[in-house]
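K.L.:
structure of the sequence below:
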Amino acid sequence: MFDFQYFAPTRVVFGRGVEARTGQLIRELGVSRVLIHYGGQSAVRSGLLNRVAASLDEAGIAHIELGGVVPNPRLAKVREGALLARQFGAELVLAVGGGSVIDSSKAIAYSLAEPEEDVWDLYARKRKPRGCLPVACVLTIAAAGSEMSNSSVITNEETGEKRGYRSDLCRPKLAIMNPELTVTLPAYQTAAGCTDILMHTLERYFTQGGNMELTDQIAEGLMRTVMKNALILRDHPSDYDARAEVMWASSLSHNDLTGLGADGMDFVSHGLEHELGGMFDVTHGAGLSAVWPSWARYVCRDCLPRFVKFARNVMEVEPGRSDEETALRGISALEDFFRSIHMPVTLKELGVEPTEDQILAMAASCAKGAGGKKGTAKLLYEADMAEIYRLAR
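P.N.:
So this is what the prediction gives:
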């Protein structure tokens, strides 16, 4: 076990109908003016936006709204939101939506704290933030875990770059979580969300040292729980208990709990997917399932004990004649799970067939964004990243 610090300051209010308490809960943060940030029309059609606004009105909190966030949230919308919020005098950004909306809200909050700076410089790793306005959320999609995480991902549509940034400054102060709000999600989005949740823990699981048995058991239990309930939701999408299990797993998978004591986080699969998202605008969870099997087979011999443990404790496969065979069986078993919830396991199944030039461009951009190298299961460079893309075709 390695030394660690753990910081999880988000207040979670979880259960049926809790969005009705939004105004009261935000008032307790000492806030009187709010930017409500949301995505498409589903929040309007469902009446959720009106319920949240009415709750703010009842609490005497002034508010202004900005919708239009899309998957792989755009830098232009962040800049639009920052300008609107600044003119309104917003003291908090309230995200009503899923990970894309929360990530966009975090970027707006960074902008509001440092209006003289270009927020993209954070994501381009040109500077570090000095502040961030408070962020709160009413969660509608269990996937990204942004409701408790210190990370956000933004796409610069002018350059085609999709970049993430991590800082504890942006961790939400409040997460309002009603699993009922996720029942109307399309099956594909539910499955992609479950995949993203799994991947947030997988990225922390495959490391070279410092692993704590307790942390491992939390991680393994979380992954088994997500897979079990993803299958329930595939067949019974209105199952409240399954929705609740997945929603809570979303938060715990990306608030750093499942990686405590280890030697870092891998997140190569996320980096590879970010380039796919930036170039082809794919669904994040589906992009992850499309690249993970090829990444896993590429690195597993260099992180064999962890892959064997994963195969036995999470995928519960029959041991092979060698550790390597057991590890490969575990990878294949997860691949089969992805197929069972209709997630792609190759780029072709994702609907993307990159040319060699596009593969080289994505690998170069991924390596550049990572400072030249990335990975804890195995340290990978630009040439390795290009080869994983090729294997994923």
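K.L.:
biggest helix in this protein, by residue count?
P.N.:
The helix spanning the most residues in the chain, taking DSSP state H as the definition, is helix 213-235.
K.L.:
helix or strand right after the helix or strand hosting residue 334?
P.N.:
Residue 334 belongs to helix 323-340 when elements are defined using DSSP states H and E. Beyond helix 323-340 in the direction of the C-terminus, DSSP H and E gives the next helix or strand as helix 347-350.
K.L.:
tell me what that following helix is packed against?
P.N.:
Here helix 347-350 is seen to pack against helix 284-299 when contacts are counted using 3 or more CB pairs under 8 Å, 6 or more residues apart in numbering; DSSP states H and E. No exception for glycine: its C-beta is placed from N, CA and C like everyone else's.
K.L.:
pull the residues that contact the helix holding residue 334.
P.N.:
Counting by CB atoms under 8 Å, 6 or more residues apart in numbering, helix 323-340 makes contact with 195, 227, 230-231, 234, 289, 292-293, 296-297, 300-301, 304-305, 307-308, 310-312, 314-315, 317-320, 344-345, all of which sit outside it.
K.L.:
so where's the protein shaky on pLDDT?
P.N.:
Under the criterion pLDDT under 70, no range of the chain is flagged.
K.L.:
centroid residue for it?
P.N.:
In the chain, the centroid-proximal residue (CA atoms, centre = their mean) is residue 144; its distance is 2.8 Å.
K.L.:
distance check, it against residue 31.
P.N.:
24 Å (CB to CB, to the nearest Å).
K.L.:
next one: residue 365
P.N.:
The value you get for residue 365 to residue 31, if CB to CB is used, is 38 Å.
K.L.:
can you give the contact residues for whichever strand or helix holds residue 270?
P.N.:
Assignment of secondary structure by DSSP H and E places residue 270 within helix 268-280. For helix 268-280, the surrounding residues in contact (CB under 8 Å, 6+ apart) are 72, 153, 155-156, 160-164, 199, 202-203, 282, 284, 287-288, 290-292, 295, 299, 347, 350, 352, 354, 358, 361-363, 365-366, 369-370, 374-375, 377, 380, 385, 388-389.
K.L.:
same thing with stretch 218-229?
P.N.:
When contacts are taken as CB under 8 Å, 6+ apart, the neighbours of stretch 218-229 outside the stretch itself are 194, 197-198, 201-202, 204-205, 242, 245-246, 249, 252-253, 257-259, 310, 313-314, 337.
K.L.:
recalculate using a threshold of 7 Å.
P.N.:
194, 197-198, 201, 204-205, 242, 245-246, 249, 252-253, 257-258, 313-314, 337 (CB atoms under 7 Å, 6 or more residues apart in numbering).
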